[in-house]
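Enquirer: the following comprises the amino acid sequence and a computationally predicted model.
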Amino acid sequence: MIAFLLSQTIAITGGTVFPVSGPKIENATVLIRDGKIAAVGPTVAIPSDASRIDARGKWVTPGLIDGGGQLGLTEIGAVTSTNEGAFHGNDVAASFNVAEGINPASNLVPVTRVEGITTALAAPAGGLILGQAVIIDLDGPTIEAMLVKSPAAMVINLSEGAKGAGGGSRAGVAARLRRVLNDALEYSRRKTDYTRAQMQALAAPGADLEALLPVLRGELPVVVMANRRSDIETAVRITREYKLKLILAGAQEGWMVAPAIAAAGVPVLVQPLDNIPSYDALGVRYENAAALARAGVKVVLLETDSHNSRNLRQQAGNAVSYGMTWDQALRAVTLTPAEVFGVADRYGSLEVGKVANVVVWSGDPFEFGTSVERVLIRGRDIPLRSRQTELLDRYRTLPPKY
Amino acid sequence: MTRFCVITLLSAACATAGATSTQTPPPTPAQAKVAPETTSVDRPQYPSTYRRHPNPAVLIRNATIMTAAGREIPSGSILLQDGKIVAMGTTVTAPADAVVVDGTGKYVTPGLIDTHSHLGVYSAPGTFAESDGNEATTPVTAEVWAEHSFWPQDPQIPLAIAGGITTIQALPGSANLIGGRSAVLKLIPARTVQEMKFPGAPYGLKMACGENPKRVYGGRPGGPSTRMGNLAGYRAAFSEAENYRQRWDKWNRDHQGEPPQRNLRNETLTEVLRGKIYVQNHCYRADEMVQMLDLAREFGFRIRSFHHAVEAYKIADYLARAGTAVSIWADWWGFKEEAMDGIHENAALVEQAGARAVIHSDSPSGIQRLNQEAAKAMYAGQRAGIPITRDQALRWITANPAWVLGLDSLVGTLEPGKLADVVVWSGDPFSVYAKAVQVYNDGWLVYDRYDPARQPHTDFELWQVPTPGSDR
């Protein structure tokens, strides 16, 4: 904080800069002023009051964005009292916005950001309509300070996991979703009747139907979890019927219908290292991300284990191993998620005017041997410390230093 | 607690007294001539039927050979013949009929070994029907054997082979204090688990500390519901086994009267007490691991490896003194309270203290990239200023797990005389971009990434698991 107050202009100089919005620039400067990117290029005039970060020999990229986890919403997986991401007992929880469940003091936040992940989707879990996901920066003392966009998307589950909400059948799940969407439309047409209690019982409480209206207007995208090919097709079918703005998540058998997904203009959130067959998706395989990208689908890469969101780098590297181009993979963890979640005007690339979430790496961000040298979030030079570095320091030599 | 101590002390005293008194009455010659009728104890116990697959000799040429035995040979060659590594070096002469593999740009390592897998006992597709890893009906089930659950058609097996794995320990789960015997297996396509059983490998015994047994049994009569209940449970089981062992030792010596009644639970625990079965102990917290070392001392056995051991780095000095290895992850943490203090540098700190580190998977996904997990742990150590070499990091997934499984004289390094369990990688296995391109198990090319004829598939996959280009 002190560094931020004293020096509001930072110049990252001499690095190989990957703006993502354009080709890489050798020996370039990223100039940051008041938390925003002020200039990017090989010939940037550096103000005399700027503090400098020497990035010669280093790689400079936008901060990575993980669209897959529950950062801020979970602390200890098995300790339910520390988890905020699921609205239990209500499988149509459209009005459940996770924002106020976020814990800015979560241990996971520093652990994640020191590895170059600066921004994350915090998504709800459980049920048919899980609730509203938000986007946060991994820095800030308050929820308000962390929020980038709220809501960023409505989350719906059409995978095997949601069958309980549909009487144990995929057909029941689809029918129930249509009933809720129909009733939301009916509610919006007859709000006066609704308030006068002159309507028959609707499929969800008013607050949840109300929360679905921006979705039905196509203003708020829906993230639909679907893995089996037929579920993916159902997701496309239903969202087309209601003219919803669809983002597919999981999409483990997406490679089987990649051209159709591309033709529908639907972006897909994929975890590249998914490949264990289940009856939800027997066709799950490592090549999924690459096949979708090759077909022209906008692909976002995920790491869904919140405690290891930091392994988004490893996920991306493996996506490259299994056929994505390196440039596609970098885009899929920076600019593409920003576009898909509607924050590309502020996030996802190193362009003038964008929020200064910037990472300086010793080399290729996807390689294990690469270290994170600097992380800037909204222009703040983040200390590369976490509870884990404190544990290391305490036990580096035994007996420990108490 | 006191009561258990007293019983233990008394039975230890009895054992000593018994040993001295039995020297007097030798069996009469007449008695010795009568061969006792054989019982189940004397008959084969689910023996390995593994047979080495016949193969031509293979010469891998001009590759970087990472031996896991100290050296890395640039532009090296390695000759595999009759299931063994025959020669290695910069100049190797091969028989005329040897298959020659061009290793230019490639890396060769020993086959990877996972000390902690649930393949075959928690098989995909993961329904209740394949959930065969925890006999969670009572907290001590030393009598169950993982191999009796193991399903060779688990579709996760070929995925792990494609990750360069040649040997696994398939373990029972961690619901129980004592979960049962492990199966040490060669990871090859097979119809039966017997065909996969690693000949001569000692069994492991799965034990579990901490939260899992508490959680599973906390609400049931008899518990345990606490960590002290866990300890009391192990002690009760081993003190009973101690007594059982004494009865059998006496009978084996004297052959007087009827043999003791066979008890499968105590039979397994007796083999642990004799040092024939290796204890594989799921245990997260530092203080609990030291409690378990004391338990082992009380009953006179050794713990071969702690598993998961996310806090191993806090007691690395104890581990080094005890000669107990730790099978750990590179970075799992936080999924439960006893896993909160996991750090990236765990393996490096354990290594630095002179103890034996192993990177394990406990995951059908993680087992496919143990090399990547070892890379993360190695680089984290190096970044923290702990001088971990590439050879040491490779040993975390080869030689050290071989030791944990009691197979270090057979596998785990590339040295002449060792079994030809060998992986050829597309590049440096510590790079995220490297993939196993060839996997040899006992000299058998069981997987070749670029040969459609060398893609093992389980029965499960036929027809129902689609692949690109398959037409149906």
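Expert: Received the coordinates, thanks. Numbering: from 1, shown residues only, chains lettered A, B, ... in the order given.

Enquirer: can we go C-alpha only for contacts and neighbour counts from here?
Expert: OK.

Enquirer: get me the contact residues on the stretch 251-400 of chain B for chain A.
Expert: B:313-315, B:317, B:331-337, B:340-343, B:345, B:349, B:364-365, B:372, B:375-376, B:379, B:383 (Cα under 8 Å from any Cα of the partner chain).

Enquirer: show me the contacts for the closest residue to A:Tyr322 other than its chain neighbours.
Expert: Once flanking residues are discounted, A:Tyr322 sits nearest to A:Glu287: 5.4 Å by Cα to Cα, 6 or more residues apart in numbering or on different chains. Contacts for A:Glu287 (Cα atoms under 8 Å, 6 or more residues apart in numbering or on different chains) come out as A:255, A:272, A:319, A:322-323.

Enquirer: what about the nearest residue in space to A:Gln271 that is not next to it in sequence, neighbour count?
Expert: Once flanking residues are discounted, A:Gln271 sits nearest to A:Leu302: 4.7 Å by Cα to Cα, 6+ apart. Residues within reach of A:Leu302, counting by other Cα atoms under 10 Å in any protein chain shown, total 27.

Enquirer: A:Leu302 touches A:Asp274, doesn't it?
Expert: No. Checked against Cα atoms under 8 Å, the pair A:Leu302 and A:Asp274 is beyond contact range at 10.3 Å.

Enquirer: how about A:Ile129, phi and psi?
Expert: Main-chain dihedrals, A:Ile129, degrees, to the nearest 10: phi -110, psi 110.

Enquirer: tally of neighbours for residue 212?
Expert: The chain I'm using is chain A. Neighbours of A:Leu212 (other Cα under 10 Å): 26.

Enquirer: ah, no, chain B please
Expert: With other Cα under 10 Å as criterion, B:Asn212 counts 18.

Enquirer: in a strand, it, correct?
Expert: No. Applying DSSP: H, G, I helix; E, B strand; the rest coil, one finds B:Asn212 to be helix, outside a strand.

Enquirer: residue numbers of the stretch 151-300 of chain A in contact with chain B?
Expert: A:256, A:273-279, A:282-283.

Enquirer: are any of these buried, and which?
Expert: Neighbour counting with 16 or more other Cα atoms under 10 Å in any protein chain shown marks A:256, A:273-278, A:282-283 as buried within those.

Enquirer: now, among those residues, which is nearest to A:Gly22?
Expert: A:Gly22 lies nearest to A:Leu273 out of those, by Cα to Cα, at 27.6 Å.

Enquirer: wait, the closest one sits on A:Gly317?
Expert: No. Judged on Cα under 8 Å, A:Leu273 makes no contact with A:Gly317 at a distance of 10.1 Å.

Enquirer: so how far is A:Ala249 from the closest residue to chain B within the stretch 51-200 of chain A?
Expert: Chain B sits closest to A:Gly77 of the stretch 51-200 of chain A, with a gap of 4.1 Å, by Cα to the nearest Cα. Distance from A:Gly77 to A:Ala249, counting by Cα to Cα, to the nearest Å: 22 Å.

Enquirer: so between these two, which is more surrounded?
Expert: A:Ala249 (28 against 18).

Enquirer: how about the more buried one, what does it touch?
Expert: A:223-227, A:268-270.

Enquirer: filter the residues you listed down to just the ones in strands.
Expert: The members of the contacts of A:Ala249 that map onto strands under DSSP state E are A:223-226, A:268-270.

Enquirer: between those residues, which sits nearest chain B?
Expert: For the ones in strands among the contacts of A:Ala249, the nearest to chain B is A:Val270 (15.6 Å; Cα to the nearest Cα).

Enquirer: just to check, that closest one is in contact with A:Val297?
Expert: No. A:Val270 lies out of contact with A:Val297 (Cα under 8 Å); the separation is 11.3 Å.

Enquirer: those two: which has the busier surroundings?
Expert: Applying other Cα under 10 Å to A:Val270 and A:Val297 shows that A:Val270 carries more neighbours, namely 28 against 22.

Enquirer: can you give me the end-to-end distance of stretch B:119-139?
Expert: End to end - Cα to Cα - stretch B:119-139 spans 22 Å.

Enquirer: again with stretch A:118-129
Expert: 27 Å.

Enquirer: how far is that stretch from where the chain is centred?
Expert: Averaging C-alpha positions (Cα atoms, centre = their mean, to the nearest Å) puts stretch A:118-129 9 Å from its chain's average.

Enquirer: and it, what's buried?
Expert: A:118-129.

Enquirer: out of those residues, list just those in helices.
Expert: Within the buried residues of stretch A:118-129, no residue falls in helices by DSSP state H.

Enquirer: among those residues, which two are most distant?
Expert: Maximum distance among the buried residues of stretch A:118-129 (Cα to Cα): 29.3 Å, for A:Thr118 and A:Leu128.

Enquirer: residues making contact with the helix or strand where A:Ala38 lies?
Expert: For A:Ala38, the host element (DSSP states H and E) is strand A:36-41. With Cα under 8 Å, 6+ apart as the test, strand A:36-41 has contacts from A:25, A:28-32, A:350-356, A:378-379.

Enquirer: which of the residues you listed tops the neighbour count?
Expert: A:Leu350 (32 neighbours).

Enquirer: quick one: residues contacting that one.
Expert: Contacts of A:Leu350 by Cα under 8 Å, 6+ apart are A:18-21, A:30, A:37, A:40, A:61-62, A:356, A:358.

Enquirer: change it to 10 Å
Expert: Counting by Cα atoms under 10 Å, 6 or more residues apart in numbering or on different chains, A:Leu350 touches A:17-22, A:30-31, A:36-41, A:60-63, A:334-335, A:356-358.

Enquirer: what subset of those is buried?
Expert: A:17-20, A:30-31, A:36-41, A:60-63, A:334-335, A:356-358.

Enquirer: what residues does the stretch 101-250 of chain B have near chain A?
Expert: Applying Cα under 10 Å from any Cα of the partner chain, we find that the stretch 101-250 of chain B lies next to chain A at B:123-127, B:155-156, B:159.

Enquirer: show me the shaky parts of the stretch 351-472 of chain B.
Expert: The stretch 351-472 of chain B contains residues with pLDDT under 70 at B:470-472.
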